[in-house]
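Novice: Got a predicted structure plus its sequence, pasted below:
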Amino acid sequence: MASDPYAKIVDTEPALVRTIGERLEVRAAHPDQRAMLDAYLADIAWPQDARVVEIGCGTGPVTRALASRPEPGAVLGLDPSPILIERAKELASGQPKLTFEVGDARNLAQADATFDVVVFHTALCHIPGPEKALAEARRVLKPGGWLAVFDGDYASATVAIAEHDPLQACSRAVTDHNVMDRWIVRRLPAMAKAAGFNITRFRSHGYAEVIDPVYMLGHAERGAEVLAAQGVIGADLAEALKREARRRVTDGAFFGHIAYASLVARKP
């Protein structure tokens, strides 16, 4: 099982939690990430003045995007980390639609039938016992309410440009270290049905970086550091792998890709 600091975020060292928050903001700022968000949110038939909750909101970049849309009347962001919630409140200052609270996806404090829309955005893969989180999402949704889940097919993550590319070991290491379940989107339709949802749309999304690859370059570099920290490789090789990743960026030869998938479903 992956070590996944997100899955145990409450017990993770505060400096690492803040770094995680910074990475969430960097990723969310990429235009392709925002395009994928807009694409799957368009699959929802939004009720006017919808009450919306994002579960596992981190520092709140998606929660803020939800609040910027015309349909929601109120948007709540929940995350188990007090550090991330504090930062989310700072970044959302002055947005009246928005509130943030500390909360556990598997044991929500909110009452039954509270929300019109529940969103999990790259969160479900980090939750131990995701079936419980989906059951709680169904509980807090109103009849006819909408579930939207967006997550990475992290088993597909790659920075390789050829067979036996050594940088691919870095990609695998960082996903193993940071994602509890790399395969979750492939089981997501069955999980949603088992939780009592009726699926209305399931589709794939692609995310690639070749020009100014801030997120995926960091993906490769962090993977080299993980391998060194695990004692798989030495510090010199880790630095050499990071230099190789940066050389590819400079030479226009870098490639990074993660497939994502979205599921939109309704509570009967």
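Specialist: Received the coordinates, thanks.
Novice: which stretches of the protein have low pLDDT?
Specialist: Counting by pLDDT under 70, the ranges of the chain that qualify are 1-3.
Novice: for it, what spans make up the strands?
Specialist: Secondary structure of the chain (DSSP state E): strands at 50-55, 72-79, 98-102, 115-121, 141-158, 198-209, 256-266.
Novice: Output the longest one as CSV - backbone C-alpha positions only.
Specialist: Extracted as CSV, the C-alpha positions of strand 141-158 are listed here (Å, rounded to 0.1, in the frame of the first residue of the first chain):
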residue,chain,number,x,y,z
LEU,A,141,-27.4,14.6,-0.9
LYS,A,142,-31.0,15.5,-1.4
PRO,A,143,-33.1,13.1,-3.5
GLY,A,144,-32.2,13.8,-7.1
GLY,A,145,-28.9,15.4,-6.0
TRP,A,146,-25.7,15.2,-8.1
LEU,A,147,-22.4,13.4,-7.3
ALA,A,148,-19.4,14.5,-9.3
VAL,A,149,-16.1,12.6,-8.9
PHE,A,150,-12.9,13.5,-10.7
ASP,A,151,-9.7,11.6,-10.2
GLY,A,152,-6.4,10.5,-11.7
ASP,A,153,-5.9,7.2,-13.4
TYR,A,154,-2.5,7.3,-11.7
ALA,A,155,-1.5,3.9,-13.0
SER,A,156,-1.2,5.7,-16.3
ALA,A,157,1.1,8.4,-15.1
THR,A,158,4.3,8.7,-17.2
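Novice: what packs against that strand?
Specialist: With contacts defined as 3 or more Cβ pairs under 8 Å, 6 or more residues apart in numbering; DSSP states H and E, the packing partners of strand 141-158 are helix 31-41, strand 115-121, helix 130-140, helix 167-178, helix 184-194, strand 256-266. (C-beta placed from N, C-alpha, C; glycine too.)
Novice: returning to that earlier point: can you tell which of the strands of the chain is closest to Gly231?
Specialist: Set against Gly231 and scored by Cβ to Cβ, the strands of the chain come closest in strand 141-158, at 22.7 Å.
Novice: does Ile20 really touch Lys8, like I thought?
Specialist: No: between Ile20 and Lys8 there is no contact under Cβ atoms under 8 Å: 11.8 Å.
Novice: So the two - more neighbours on which side?
Specialist: Neighbour count, other Cβ atoms under 10 Å: between Ile20 and Lys8, Ile20 has more, with 19 against 13.
Novice: Can you give me every residue that contacts that one?
Specialist: Pro5, Tyr6, Ile9, Thr12, Gly58, Leu84 (Cβ atoms under 8 Å, 6 or more residues apart in numbering).
Novice: From Arg201, how far out is the second one?
Specialist: Taking Cβ to Cβ, to the nearest Å as the criterion, Tyr6 is separated from Arg201 by 26 Å.
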